[in-house]
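Chemist: Just the structure for this:
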Amino acid sequence: MLTALPEADVQEAMAAFRRATQECAEFSSSSGDLSGVTVRLEQLSFPTLADETVAYRVIAAAGGGLVLYGHVVAVRHRDVLVLITLLQVGSPEVGPTAQIAAKAVDKLKRVRR
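Modeler: Residues are numbered from 1 along each chain as shown. Modelled structure (predicted):
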């Protein structure tokens, strides 16, 4: 997802992504179909791709032993926010996620210098 906003708004969004693993490192749901789901966020070691890059791993455990893993990557290039999300059964490797994010940012940089 690409979103162009005033640069201050994109910087504020990036600050919120940085706070996510500190302020919401683990949370649970107790309503409806998501009852009993526990989500954990962990900082992810990730290359800096533009002005700012924030990445974290998502681990969501549900009843019956189902565990979903994901990556959330937010990149700021000037006034554009690039958001890459990946969710799968089984823990994803960082390399392919980094390649996808790098390609998206490279295309953005070619269009929006």
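Chemist: Go ahead and confirm residue 58 touches residue 73.
Modeler: No - counting by Cβ atoms under 8 Å, residue 58 does not reach residue 73; the two are 11.1 Å apart. Where you see a C-beta, it was placed from the backbone N, CA and C, and this is true even at glycine.
Chemist: For the most centrally placed residue in the chain, what is the enclosing helix or strand?
Modeler: The centre of the chain sits closest to residue 72, judged by Cα atoms, centre = their mean, with a distance of 1.6 Å. Secondary-structure assignment from DSSP states H and E places residue 72 in strand 67-77.
Chemist: Who are the contact partners of the nearest residue to residue 68 once chain neighbours are set aside?
Modeler: Spatially, and ignoring its direct neighbours in sequence, residue 68 is nearest to residue 60 (4.5 Å; Cβ to Cβ, 6 or more residues apart in numbering). Residue 60 makes contact with 37-40, 67-70 under the criterion Cβ atoms under 8 Å, 6 or more residues apart in numbering.
Chemist: Specify the beta-bridge partners of residue 60.
Modeler: According to DSSP bridges, the partner residues bridging residue 60 are residue 39, residue 68.
Chemist: In this model residue 21 seems to touch residue 40, though I could be wrong.
Modeler: No - at 9.4 Å, residue 40 and residue 21 do not qualify as touching, with contact defined as Cβ under 8 Å.
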